[in-house]
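**Q** My questions are about this predicted structure, shown below with the sequence.
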Amino acid sequence: MSKTYKATGINLRTQVFGESDKIVTILTKEYGLIRAIAPGARKHNSSLGGRSAMFVVNDLLIAKGRSLDKITQAQTVKSYSGLAKDLGRLAASQYLAEVVLCQGLSEQPQEELYELINEHLKRLEELSSQKTPSVMALLTHGLFQLLALAGFTPEVHMCCLTQRPLIPDFTDPNWQVGFSISAGGTVCLTAWEDLRKEDKGRSQRVAERSLSGGFRRSELRRVSPVETTGVGRQGEGGNVFDGFSASSQTASTQSLDYETIFHRQEMPALSKRLNARELTILQQLSQSEIMQDTTKDRSWLSVEQVLRQYAQYHFGHPIRSATLIDSYFNANHDASL
């Protein structure tokens, strides 16, 4: 970059800086995430006041600095001001913005991520105030697509254990499928139960043999002092192993050490059990358009919880904005659902 550069970006985080300034974290199409000072933005007559607010898209002229860049000019292109009119939509927007900040990169183009967050903020802003439950559906859809863009798409169409297709069965009211974060997605409960029984039986057999000392030789690997010394080489008058002659090797084999080797498949933990409706929602989230009839459906709450845990596992820290979503929907749960 030169001493000044132009960029188009959306404000995703703001914080107080000094007496009257702000530090704004901006996702730009051209340079990814940047942090820049908006000088005087907190003064009541500042031209950067409104332009440095959350979820405002600006054409920017930015001056390079030693530690922080500085916004010298800003021209507003789009403002999602409607998000602030409803707490649910605002909370969902902050949630998605935090996920974007987790996966955004600096000093490289992020046009696809920029377009995706703008698309989902637009959908939230245009949502009718009478469709409060649809906020969770739009949030869940946006979260899934952001995970997919980051390369963290969970497997939702096949069992992660057997690689067989999973088809929701609406004829059985008790039908369920498991979701395992460590396995990477959905698992057939029958296959999971079989693996759990096999793992339990193996553990019992190992414990019994350990107590009785009855391990078979095929279950043990012999390790001699010569084998652990180094790589053998051919020498005059016989084999030499890093200073040990063949005769010393023969003597050493009279006292052998044994190391027990256990081979087992890791038992994936289940994060949640999903019914047919919830799995159907998960399987349709990869589509560009959200599924119809999203109102009055508690299934979206369950699916969001699953994807939230999955995202936090891959990003390595909690999504703090999710607490506001929980508070909002707990307070409005009975009224909205």
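**A** Perfect, thanks for sending it. Residues are numbered from 1 along each chain as shown.
**Q** Wasn't Asn11 part of a strand?
**A** Yes. Checked against DSSP: H, G, I helix; E, B strand; the rest coil, Asn11 lies within a strand.
**Q** Let me know how buried it is, in neighbour terms.
**A** 24 (other Cβ atoms under 10 Å). C-beta: built from backbone N, CA, C; applies to glycine.
**Q** Quickly list what it is bridged to.
**A** Ile26 (DSSP bridges).
**Q** ok, it touching Val56?
**A** Yes. Assessed by Cβ atoms under 8 Å, Asn11 is found in contact with Val56 at 5.2 Å.
**Q** how about the helices in the chain?
**A** For the chain, applying DSSP state H gives helices covering 87-103, 111-126, 134-150, 189-212, 246-252, 276-284, 299-315, 322-331, 333-336.
**Q** Show me the one of those helices that comes nearest Phe179.
**A** Of all these, it is helix 299-315 that lies closest to Phe179, at 5.3 Å by Cβ to Cβ.
**Q** Now the closest one: buried residues?
**A** 299-304, 306-308, 310-311, 315 (16 or more other Cβ atoms under 10 Å).
**Q** tell me what that helix is packed against?
**A** Contacts defined by 3 or more Cβ pairs under 8 Å, 6 or more residues apart in numbering; DSSP states H and E place helix 299-315 against helix 87-103, helix 134-150, strand 272-274, helix 276-284, helix 322-331.
**Q** any idea how far it is from the chain center?
**A** How far helix 299-315 lies from its chain's middle: 9 Å, per Cα atoms, centre = their mean, to the nearest Å.
**Q** Okay, angle between it and helix 87-103 too, please.
**A** Using axes from the mean of the first three to the mean of the last three Cα atoms, to 10 degrees, one finds that helix 299-315 and helix 87-103 are set 20 degrees apart in direction.
**Q** What count of nearby residues applies to Val56?
**A** Neighbours around Val56, by other Cβ under 10 Å: 21.
**Q** quick one, what contacts it?
**A** Counting by Cβ atoms under 8 Å, 6 or more residues apart in numbering, Val56 makes contact with 10-11, 50, 76, 78-80.
**Q** let's see it at 6 Å
**A** Shown in contact with Val56 (Cβ atoms under 6 Å, 6 or more residues apart in numbering): 11, 79.
**Q** Which pLDDT does the model give it?
**A** With respect to pLDDT, Val56 scores 97.
**Q** likewise Leu127?
**A** 86.
**Q** Name the nearest residue to it, ignoring sequence neighbours.
**A** Nearest in space to Leu127, with sequence neighbours left out and distances taken as Cβ to Cβ, 6 or more residues apart in numbering, is Ser134 at 5.9 Å.
**Q** Next one: that neighbour from Arg308, what distance?
**A** 18 Å (Cβ to Cβ, to the nearest Å).
**Q** wait, isn't Arg35 in contact with Thr25?
**A** Yes. Taking contacts as Cβ atoms under 6 Å, Arg35 lies within contact range of Thr25: 5.3 Å.
**Q** Which of these two has more residues huddled nearby?
**A** Thr25 (18 against 14).
**Q** Reformat the helices of the chain into a markdown table and put distance to Glu19 next to each item.
**A** Formatted as a markdown table, the helices of the chain follow (distance: least, Cβ to Cβ, whole Å):
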| stretch | distance to Glu19 |
| --- | --- |
| helix 87-103 | 26 |
| helix 111-126 | 31 |
| helix 134-150 | 36 |
| helix 189-212 | 59 |
| helix 246-252 | 78 |
| helix 276-284 | 49 |
| helix 299-315 | 34 |
| helix 322-331 | 29 |
| helix 333-336 | 42 |
